[in-house]
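after the sequence you'll find the predicted model.
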Amino acid sequence: MIAFVGRFLRLHFRPRVLGIALGVVACASLALWVSAWLFLISQEDFTPKRGTLTYYLGISSLVRGAPAVGVATEPEYFGTVGDGNKQPRSEVSFEVARNDMGRFVAAVNAYLLQNGLQERALEPSELEAVRAHNGYFARYAEYASVADGVVVVMVQPVRPGVLYSVTVSHYE
């Protein structure tokens, strides 16, 4: 039996055969990766579920790793590859109870600062422009980094004083 296994290994696992097998696996992997990216680009806007291929390829790791401290609902993800003047964007939205809002915002702030982003001070005119476009909001903050682009954190009331919608958007 041992002699048979030894002969089998010598015949079937020669360096040339191994090299060809590894080359075929590498080419197949590359073809699958390119196909997945082309599929993602063809969608333009997408709302992936956590753990799907579109989630991993289309949602930035910065958004996927956003802390979910004290959230009342499951996260909802949104992404777009952008077109025309619309930038590529990854986004996650949560609903957070008023009592948990302070802890949640502090956790998101710490997470973004740990990832090399700095909070950007906004002029009153910029805040008014955002308010006019998005309606009423309880908090709006922008974080910027040369390497990671811009991250926007927006808190809007769902039921004022009770439940708030928090959106973390990463513009790449």
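Structure's in. What do you need?

the helix or strand Leu32 falls within - contacts with which helices or strands?
Using DSSP states H and E, Leu32 sits within helix 15-43. If you count contacts as 3 or more CB pairs under 8 Å, 6 or more residues apart in numbering; DSSP states H and E, helix 15-43 packs onto helix 53-58. Every C-beta, even on glycine, is put in place using the N, C-alpha and C of the backbone.

can you give me the buried ones in the helix it packs on?
Buried residues in helix 53-58, counted by 16 or more other CB atoms under 10 Å: 54-55, 57-58.

nearest to Asp100 among those?
Comparing the buried residues of helix 53-58 against Asp100 with CB to CB picks out Tyr55 as the nearest, at 24.9 Å.

and the closest one, what pLDDT?
Tyr55 carries a pLDDT value of 88.

and it, what does it touch?
The contact partners of Tyr55, taken as CB atoms under 8 Å, 6 or more residues apart in numbering, are 48-49, 64, 77.

how about a cut-off of 6 Å?
Pro48 (CB atoms under 6 Å, 6 or more residues apart in numbering).

what's the answer for Pro48, then?
Counted by CB under 6 Å, 6+ apart, Pro48 has contacts 54-55, 77.

if we can go back for a sec, from the buried residues of helix 53-58, pick the one nearest Val69.
For the buried residues of helix 53-58, the nearest to Val69 is Tyr55 (20.8 Å; CB to CB).

what separates the closest one from Lys49, distance-wise?
Distance, Tyr55 to Lys49, using CB to CB, to the nearest Å: 7 Å.

surely Thr80 is in contact with Phe46?
No: the pair Thr80 and Phe46 fails to qualify as a contact (CB atoms under 6 Å) at a distance of 7.4 Å.

which one of these two is surrounded by more residues?
The residue with more neighbours, out of Thr80 and Phe46 and counting by other CB atoms under 10 Å, is Phe46; that gives 19 against 16.

the more buried one bridge partners, please.
Beta bridges link Phe46 to Gly79 when assigned by DSSP bridges.

isn't it right next to Gly79, touching?
Yes: applying CB under 6 Å as the test, Phe46 and Gly79 come out as touching, 5.2 Å apart.

need the residues touching each of those two.
Going by CB under 6 Å, 6+ apart, residues that sit against Phe46 and also against Gly79 are Gly58.

so what's Val158 closest to, chain neighbours aside?
Counting by CB to CB, 6 or more residues apart in numbering, Val158 lies nearest to Ser165, which is 5.1 Å off, once chain neighbours are set aside.

alright, that wraps it up for me.
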